[in-house]
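S.K.: Everything below, folded, please.
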Amino acid sequence: MATEKLKFKLELWGQYWDQPPEAKILLNDHVHFKGKISGSEKEPQVIIFDHELTEGYNQQLVIERMGKTSKQTVVDHAGNIVKDQLLKIKSIEIDEIDIGALIYEGIYKPKYPEPWASQEKKAGKVLPESFKNVTAMGHNGRWEFQFSSPFYMWLLENLY
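M.R.: As a prediction, the model looks like this:
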C-alpha cells in the first residue's frame, strides 16, 4: 500500500489565570504530544511532528483537552464566570499548508464536569454532545478533525 509522510504544525494557546491547560495531540490514536499549553495568543505554543499515513484511508487528528478541575473556573455570586481556563487552537498546518477555515470542520466533544452537568440538566438545559465551528475548549474533551489520504486530493475536494 502507498503511504505519504506529512508534517503537522499546530499552534495552540492557553487562556488562564492560575494553571495552563493540558493537552494531548493524537493522529490515528498515536500520541505525538502530551503536556501543558502555556503559549499566548500572540506567541502560541508550536507543536510539530511528522506522521506516515496509509493512502486510501480516513485519518483523525485529535486535540484532547484534559486536566481541568472545577477550581479553574471561578464564578461570582450571580453565576457569571470571572476567571476560567481555556485551550485555544490558533492554526493548523498540514504539509506546510494552513488548513484555514477547514479548522471549523473539527468537532468538539466536551466532557461536562459533575455536579455542574447534572444541575444544568435538572434546570432544564440541554447540554450538546458535540459542537462544530469551535476553536476554544473550556471543558475537558476531544476536538476531532477528519481528513483522508492522499491529503492533497482530500484538500482539493474540500477547499470550496
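S.K.: For the protein, just list every one of the helices.
M.R.: Taking DSSP state H to define them, one finds helices in the chain at 116-122, 151-158.
S.K.: In JSON lines: those, plus distance to V46 and mean neighbour count.
M.R.: Any C-beta I mention is one placed from the backbone N, CA and C, and that applies to glycine too. As requested, the helices of the chain are arranged in JSON lines below (distance: least, C-beta to C-beta, whole Å; neighbours: other C-beta atoms under 10 Å):
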{"stretch": "helix 116-122", "distance to V46": "33", "mean neighbour count": "12"}
{"stretch": "helix 151-158", "distance to V46": "20", "mean neighbour count": "13"}
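S.K.: Leaving out the residues flanking it, which one is nearest to T73?
M.R.: D84 (5.1 Å; C-beta to C-beta, 6 or more residues apart in numbering).
S.K.: ok, now S38?
M.R.: If the residues on either side of it in the chain are set aside, S38 comes closest to P20, at 4.2 Å by C-beta to C-beta, 6+ apart.
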